[in-house]
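Participant: following is a predicted model, sequence given first.
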Amino acid sequence: MTNGWQTIIGLEIHAQLSTESKIFCGCSTRFGDEPNANTCPVCLGLPGALPVLNRRVIDLGARAALSLGLHINNHSIFSRKNYFYPDLPKGYQISQYDKPFSANGELEIMTAERDEAGHPVEWRPKKISITRLHLEEDAGKNVHEGLPDVDRYSYIDLNRAGTPLAEIVTEPDFRSSWEAYDYVNHVRRALQWVGASEADMEKGNLRCEANVSVRRIGDEKFGTKVELKNLNSVRFMQRAIEFEISRQIGVLESGGRLQQETRLWDERAAETRVMRSKEEAHDYRYFPEPDLPPLIVSDEFIERVRSEMPELPEARRRRFMEQYGLSFTDASQLTSERSLADYYEKAVEASGNPRTTSNWIRSELLRELEAAGLSAEASPVAAQELGALVRLIDEGKISGKQAKDVLVEMFKTGKSAQTIIEEQGLVQVSDTAEIDQLIDGVIADNPDQLAKYRGGKEALFGFFVGQVIKASKGKANPKVVNERLRAKLQG
Ligand SMILES: [Zn+2]
């Protein structure tokens with residue numbers, strides 16, 4: 001349906017910086033407190049109250065900017081963005097306009113289109129230009145639910161007013177909804193990784209808006225753009241963009257015209273709806289904030305922040321592939337969170353086997369963690385212990401099958417693999433003399449099968465393996481059983 005059309009998407013992300021206090025006053029930023037508990041004359045916008053910039057905002061803003069490859073300006077200024085809304089007591093928001101905190105970033109992300117089942121088709125790198133990252137304060141919240149007389153009153157909670165935000169704006173560089181999806185996930189992970197933001201869309205500390213337009217392939221001019229809001233998860237955003245692309249192409253192909261407007265995503269109806277048209281668009285009458293001096297950031301400061309940053313996720317993924325011989329998919333999964341990447345490296349130190357350790361973490365451990373709702377950080381099985389388990393398998397002390405049960409037990413009890421193995425009397429028999437004896441017994445007990453096997457029915461090999469393992473009560477090393485059995489069955 002999109003044949004002959006090109007999609008143009010630009011994104012704006014608002015990320016709440018993880019400070020304990022607000023951007024221009026000392027009030028707490030804690031989530032979920034009693035409404036209006038965390039307010040003072042500054043964030044209530046009372047006359048005469050003066051803002052003072054929170055230093056921590058600059059630290060975290062710098063981390064955020066550097067994690068996304070942006071240039072930090074030595075000189076930036078705060079401006080007033082004027083508009084009226086009940087949750088904005090001052091009548092303006094302190095933001096940044098023509099001289100933002102940072103600008104001109106080029107970020108390489110990995111992206112892939114998805115097939116009908118939602119699986120990535122082919123991962124490829126793509127460069128995204130980030131126009132700017134600027135600092136600003138959040139507004140409060142109007143509350144229309146869960147309080148008495150909400151049919152007659154609106155309530156205002158100003159706990160969020162003055163919470164620090166980083167607004168991150170891209171060029172219109174995305175050509176599909178999946179590129180936008182992969183970018184937002186990349187930004188989320190980067191901000192969490194460097195500790196700049198929790199970047200949790202469900203808690204509302206990462207919010208996202210998309211500008212979407214379409215044009216016929218070959219056209220120079222951009223089409224009319226529509227702004228999408230109310231995108232409460234990355235998946236919703238992807239669906240909203242996809243819907244909007246089809247809608248716009250549909251209008252144009254049937255000879256209609258598009259309006260420049262803001263539309264809201266309605267997840268239940270799975271469609272976008274008009275919120276306001278361009279005629280209602282604001283003129284914000286920006287001007288420099290007279291109560292705050294220009295923000296001067298020295299090169300030394302920027303370099304110090306850079307030197308304190310952890311190895312970034314993309315760099316770490318590439319290193320995992322080179323150093324440990326992992327595939328792109330495996331390395332990507334292990335670097336999806338910093339604590340998981342740390343866990344993996346500690347486990348490899350103990351196991352000495354990067355690939356097997358990766359497999360055990362990605363399949364067995366993550367399944368247990370997911371079921372318990374825990375992150376790698378909080379795993380009851382310490383990284384060294386998981387590494388030790390992998391080593392026991394490699395040394396032939398226990399079988400992979402036994403190890404799966406041992407891991408579940410380790411997860412439940414917090415005991416070491418060695419302790420559980422001793423307690424349960426788990427040993428893998430690799431002794432060839434002992435295994436030969438079992439094999440001889442099985443062969444003697446199954447003369448018919450032996451004759452058939454020797455007569456060419458090779459599928460019976462699995463039957464003999466099974467019988468020997470069973471005779472050993474599951475303790476025989478399958479590799480040794482295979483070798484010895486093959487030799488003996490030849491006769
Ligand atoms: Zn305050």
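Facilitator: Right, received. Where do you want to start? Numbering: from 1, shown residues only.
Participant: which SS state does Cys208 fall under?
Facilitator: strand (DSSP: H, G, I helix; E, B strand; the rest coil).
Participant: wait, isn't it in contact with Met237?
Facilitator: Yes. Judged on CB atoms under 8 Å, Cys208 makes contact with Met237 at a distance of 5.5 Å. Using the backbone N, CA and C atoms, a C-beta is placed for each residue, glycine as well.
Participant: overlap in contacts, the two.
Facilitator: Counting by CB atoms under 8 Å, 6 or more residues apart in numbering, the contacts common to Cys208 and Met237 are Val184, Leu231.
Participant: now do the strands in the stretch 251-400 of the chain.
Facilitator: 261-266, 271-277, 287-288, 295-296 (DSSP state E, counting those that start in this stretch).
Participant: listing partners with orientation, what would you give for the second one?
Facilitator: Same thing as strand 271-277. strand 261-266 (antiparallel) (DSSP bridges).
Participant: sorry, back to before: export the strands of the stretch 251-400 of the chain to CSV and append columns for mean pLDDT and distance to Val52.
Facilitator: Listed next are the strands of the stretch 251-400 of the chain as CSV, based on pLDDT from 0 to 100; distance: least, CB to CB, whole Å:
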stretch, mean pLDDT, distance to Val52
strand 261-266, 93, 34
strand 271-277, 87, 35
strand 287-288, 97, 17
strand 295-296, 98, 12
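Participant: neighbour count: Cys208 and Met237, which is higher?
Facilitator: Cys208 (26 against 23; other CB atoms under 10 Å).
Participant: ok, that one - contacts?
Facilitator: By CB under 8 Å, 6+ apart, the contact set of Cys208 is Leu11, Glu12, Ile13, His14, Val184, Met201, Leu231, Val234, Met237.
Participant: quick one on the thing from earlier: of the strands of the stretch 251-400 of the chain, which stretch is the most buried?
Facilitator: Most buried of the strands of the stretch 251-400 of the chain, by mean neighbour count (mean count of other CB atoms under 10 Å): strand 261-266, with a mean of 18.
Participant: got the contact list for it?
Facilitator: 226-231, 236-237, 239-240, 243-244, 271-278.
Participant: swap in 7 Å and give it another go.
Facilitator: Residues outside strand 261-266 that contact it (CB atoms under 7 Å, 6 or more residues apart in numbering): 226-231, 236, 240, 272-278.
Participant: can you check stretch 326-333 too?
Facilitator: Applying CB under 7 Å, 6+ apart, the external contacts of stretch 326-333 come out as Trp123, Arg317, Phe320, Met321, Pro354, Arg355, Ser358, Arg362.
Participant: pretty sure the second one is touching Thr335, no?
Facilitator: Yes. Contact between Arg317 and Thr335 holds when scored by CB atoms under 7 Å: they sit 4.5 Å apart.
Participant: what residue in the stretch 201-350 of the chain comes nearest to the ion?
Facilitator: Nearest residue of the stretch 201-350 of the chain to the ion: Asp291, at 14.5 Å (CB to the ion).
Participant: any idea how far that residue lies from Gly45?
Facilitator: 12 Å (CB to CB, to the nearest Å).
Participant: tell me which of those two has more neighbours.
Facilitator: Set Asp291 next to Gly45 and count neighbours by other CB under 10 Å: Gly45 wins out with 17 against 13.
Participant: got the contact list for Trp5?
Facilitator: Trp5 makes contact with Val214, Arg216, Ile217, Ile249 under the criterion CB under 7 Å, 6+ apart.
Participant: what's the burial count for the third one?
Facilitator: Applying other CB under 10 Å, we find 9 other residues in the vicinity of Ile217.
Participant: for it, what are its contacts?
Facilitator: Gly4, Trp5, Gln6.
Participant: can you point out the buried residues in the longest helix anywhere in the chain?
Facilitator: In terms of residue count, the longest helix belonging to the chain (DSSP state H) is helix 234-253. By 16 or more other CB atoms under 10 Å, the buried positions in helix 234-253 come out as 234, 236-245, 247-249, 252.
Participant: which other residues reach that helix?
Facilitator: Helix 234-253 is contacted by residues 1-2, 5, 7, 9, 177-178, 180-181, 184-185, 201, 208, 210, 212, 214, 226, 228, 231, 258, 265, 267, 270-272 when judged by CB under 7 Å, 6+ apart.
Participant: just the buried subset of the residues you listed, please.
Facilitator: Using 16+ other CB under 10 Å as the burial test, these include 5, 7, 9, 177-178, 180-181, 184-185, 201, 208, 210, 212, 214, 226, 228, 231, 265, 272 as buried.
Participant: restricted to helices, list those.
Facilitator: Counting by DSSP H, the buried ones among the contacts of helix 234-253 place Ser177, Trp178, Ala180, Tyr181, Val184, Asn185 in helices.
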